[in-house]
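Peer 1: curious how this folds, go ahead:
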Amino acid sequence: MTTALDAIRSRTSANHFDPTHVMSREEVTELVSLATESPSSFNMQNWRFIAVTSPEAKQRLKAAAFNQPKVGDAAVTFVVVGEVGGHKHLPRLIKPMLDAGAINQAAYDGWINMANGLYEGKEQFQRDEAIRSASLASMTLMLAATGKGYASGAMIGFDPAAVSAECGLAANEVPVMLIAVGHAAPGNWPRKVRRSIDEILTIR
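Peer 2: Residues are numbered from 1 along each chain as shown. Below you'll find the predicted structure:
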């Protein structure tokens, strides 16, 4: 099993996938289950994952992604969706903690009231939060894929309206990115050079 540090250091963005590789429903479910361990503001978990696996659905999604081959060749291409207004689900999501005695009623009420005060009436901020949460979950999904021995490639090259229509997204849902996952095929580039730490780190 690949360690977390190994996955971080070895993950790379793949463009070429083995089109004969098929992932089971259980394998796809496990990747999403691991992705949902990601943090989110107030634990609102304002994300959703659409796993596109059938050849027909992948071809339709590929057309909405400017015909990038990896959308059709990968075993699965995930559409990672962020939800605008995810704080509205907090009363239900936090209730199990209240019921279990992990928090008291005052903490429960304060949690919800603070989130409402931060997000209510601020649609752009809610949209920003949807993209933040979905992006965190996307990175976790890609690291999980690396840990399981798969290659992955994230994409923002797609028509958001076309992807939304293909996936039947609600008006408050944002297609944040596509992530192709599967077995790598020959032809992928090696890991790209990173900027030096001196260039990007300030310690104060």
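Peer 1: buried residues, the longest helix along the chain. List them.
Peer 2: Ranked by residue count, the top helix of the chain under DSSP state H comes out as helix 123-147. Neighbour counts over helix 123-147 (16 or more other CB atoms under 10 Å) mark 126-127, 129-138, 140-147 as buried. Just so you know, the C-beta spots here come from the backbone N, C-alpha and C atoms, and that holds for glycine as well.
Peer 1: that helix packs against which elements?
Peer 2: Using 3 or more CB pairs under 8 Å, 6 or more residues apart in numbering; DSSP states H and E as the contact criterion, the elements in contact with helix 123-147 are helix 4-10, helix 25-35, strand 47-52, strand 76-83, helix 105-119, strand 151-155, strand 173-182.
Peer 1: so which of the ones you listed is nearest residue 189?
Peer 2: strand 151-155 (10.9 Å; CB to CB).
Peer 1: which intervals of the chain have sub-threshold pLDDT?
Peer 2: Regions of the chain meeting the criterion pLDDT under 70 cover residues 1.
Peer 1: closest to the mean position in it, which residue would that be?
Peer 2: Residue closest to the average C-alpha location in the chain (CA atoms, centre = their mean): residue 138, at 2.7 Å.
Peer 1: give the contact list for the closest residue to that one other than its chain neighbours.
Peer 2: Ranked by CB to CB, 6 or more residues apart in numbering and with sequence neighbours excluded, the top spatial neighbour of residue 138 is residue 80, at 4.9 Å. Contacts were defined as CB atoms under 8 Å, 6 or more residues apart in numbering; by that measure residue 80 touches 47-49, 134, 137-138, 141, 175-179.
Peer 1: residue 134 and residue 174 touch, don't they?
Peer 2: Yes - in this structure, residue 134 is within contact of residue 174 by CB atoms under 8 Å, at 7.5 Å.
Peer 1: between those two, which contacts overlap?
Peer 2: Shared contacts of residue 134 and residue 174 (CB under 8 Å, 6+ apart): 81-82.
Peer 1: please name the bridge partners of the residue nearest to residue 138.
Peer 2: residue 49, residue 177 (DSSP bridges).
Peer 1: starting at the chain centroid, how far to the longest helix of the chain?
Peer 2: From the chain centre to the centre of helix 123-147 is a distance of 5 Å (CA atoms, centre = their mean, to the nearest Å).
Peer 1: give me the element residue 187 is part of.
Peer 2: With secondary structure defined by DSSP states H and E, residue 187 is part of neither a helix nor a strand.
Peer 1: got the contact list for the residue lying closest to it once chain neighbours are set aside?
Peer 2: Distances taken as CB to CB, 6+ apart place residue 16 nearest to residue 187, at 4.4 Å, with adjacent residues excluded. For residue 16, the contacting residues are 69-70, 73, 184-188, by CB under 8 Å, 6+ apart.
Peer 1: can you redo those as JSON lines with distance to residue 63 and neighbour count?
Peer 2: Conversion of the contacts of residue 16 to JSON lines gives the following (distance: CB to CB, whole Å; neighbours: other CB atoms under 10 Å):
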{"residue": "69", "distance to residue 63": "12", "neighbour count": "14"}
{"residue": "70", "distance to residue 63": "14", "neighbour count": "26"}
{"residue": "73", "distance to residue 63": "14", "neighbour count": "22"}
{"residue": "184", "distance to residue 63": "24", "neighbour count": "19"}
{"residue": "185", "distance to residue 63": "21", "neighbour count": "18"}
{"residue": "186", "distance to residue 63": "26", "neighbour count": "6"}
{"residue": "187", "distance to residue 63": "23", "neighbour count": "8"}
{"residue": "188", "distance to residue 63": "23", "neighbour count": "16"}
